[in-house]
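> coords please:
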Amino acid sequence: MKKYKSYHSSVKICYALGIQNHLLPDNFTPTMKPTTAHCWKNDNPHEYLGSEFSSSINNNINDLQIIYDEKVEQLKKMFVTFCKVYITILNFIGENVFQHEQVFPMNFGIWM
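Numbers count the residues shown, from 1 in each chain. As a prediction, this is how the structure comes out:
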């Protein structure tokens with residue numbers, strides 16, 4: 001009997017999101033059978049527990065694909081650094097003291 005390869009769920013998620021070329025090493029993806037990757041990309045999400053959350057997850061897929069595009073690598077690093085500083089400030093002085101409207105009075109629209 002032929003033994004099937006088992007893949008970590010993180011690998012499956014990368015394929016489902018279409019970001020495998022951005023996150024997985026170039027020498028890893030060719031070792032995977034095309035039929036396996038095809039199944040992960042085309043599975044019916046309603047066959048699985050938690051499928052009711054899929055629409056909210058899908059709303060963020062485009063953002064993830066853009067964030068992991070190599071063309072915006074430097075911007076991603078800058079944004080992550082900004083987020084770390086922002087979270088550190090919130091943790092240091094407390095969220096109740098640090099009101100979003102007081103620090104950023106303009107409505108940027110794209111941030112939320």
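> for this protein, which helix is longest?
helix 73-93 (DSSP state H).
> enumerate the positions of the host helix or strand of T36 that are buried.
Per DSSP states H and E: T36 is located in helix 34-42. If you call a residue buried by 16 or more other C-beta atoms under 10 Å, then helix 34-42 has these buried ones: A37, W40. From N, CA and C alone the C-beta is placed, and that goes for glycine too.
> shaky segments in this protein?
By pLDDT under 70, the weakly predicted segments of the chain are 1-2, 44-45, 48, 51, 54-59, 95-112.
> what residues go with each domain of it?
1-60, 69-112 (automatic domain parsing).
> need the winner for burial among those domains.
domain 1-60 (a mean of 11; mean count of other C-beta atoms under 10 Å).
> any idea how far that one is from the chain center?
Distance, stretch centre to chain centre, for domain 1-60: 13 Å (C-alpha atoms, centre = their mean, to the nearest Å).
> quick one: L23 and C14 touch, right?
Yes: using C-beta atoms under 8 Å, L23 is in contact with C14, at 5.3 Å.
> the most centrally placed residue in the chain and A16, how far apart?
Closest to where the C-alpha atoms of the chain average out (C-alpha atoms, centre = their mean) is L64, at 4.4 Å. Distance, L64 to A16, using C-beta to C-beta, to the nearest Å: 11 Å.
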